[in-house]
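Chemist: The following comprises the amino acid sequence and a computationally predicted model.
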Amino acid sequence: MTETIRKILKDHGRLNKDALALEETADLYQAGMTSHASVNVMLALEGEFAIEFPDHMLKRSVFESIEAMRGAIEELTKST
């Protein structure tokens with residue numbers, strides 16, 4: 001799952017650092033991701049993992065790191 005998230009970040013995150021080399025806990029906004037890019041990442045994650053982020057998860061902290069995204073996806077996929 002982590003590698004898939006990294007690929008999506010590479011393709012949609014508009015990072016100024018290599019998404020494949022970032023620490024899982026690195027702040028993606030500090031690495032250059034904008035709020036607009038985070039929406040593109042969210043949509044790509046939803047498509048890839050066949051999930052939908054509920055309203056309570058549509059906040060910066062859910063998308064601020066690879067680790068945070070993986071946790072949210074794991075939470076959503078275990079309940080389906």
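Modeler: The structure has been received and is ready for your questions.
Chemist: SS state for Phe53?
Modeler: In three-state terms, and counting by DSSP: H, G, I helix; E, B strand; the rest coil, Phe53 is coil.
Chemist: hang on, isn't it packed against Ala72?
Modeler: Yes - between Phe53 and Ala72 there is a contact under CB atoms under 8 Å: 7.0 Å. To be clear about C-beta, it is placed using only N, CA and C from the backbone, and glycine gets the same treatment.
Chemist: So for the closest residue to His12 other than its chain neighbours, what's the pLDDT?
Modeler: Nearest residue to His12, sequence neighbours excluded (CB to CB, 6 or more residues apart in numbering): Asn40, at 4.2 Å. Note for Asn40: predicted pLDDT of 97.
Chemist: And Asn40, how close does it get to Met69?
Modeler: 13 Å (CB to CB, to the nearest Å).
Chemist: neighbour-wise, which of these two wins?
Modeler: A count of neighbours by other CB atoms under 10 Å puts Met69 above the other of Asn40 and Met69, at 24 against 16.
Chemist: Quick check on that one: phi, psi?
Modeler: Dihedral pair for Met69: phi -60, psi -40, per degrees, to the nearest 10.
Chemist: quick one, what contacts the closest residue to it other than its chain neighbours?
Modeler: Nearest residue to Met69, sequence neighbours excluded (CB to CB, 6+ apart): Ile5, at 5.4 Å. Listed by CB atoms under 8 Å, 6 or more residues apart in numbering, the contact set of Ile5 reads 45, 66, 69-70, 73.
Chemist: about what we covered before: where do the contact lists of Phe53 and Ala72 overlap?
Modeler: Common neighbours of Phe53 and Ala72 (criterion: CB under 8 Å, 6+ apart): Val62.
Chemist: Report the buried residues of the longest helix seen in the chain.
Modeler: When the chain is scanned for its longest helix (criterion: DSSP state H), the result is helix 35-49. Going by neighbour count (16 or more other CB atoms under 10 Å), the buried part of helix 35-49 is 37-38, 40-42, 44-45, 49.
Chemist: how near is the residue lying closest to Ile51 once chain neighbours are set aside to Gly32?
Modeler: Nearest non-adjacent residue to Ile51, counting by CB to CB, 6+ apart: Leu76, 4.5 Å away. Separation of Leu76 from Gly32 (CB to CB) stands at 26 Å.
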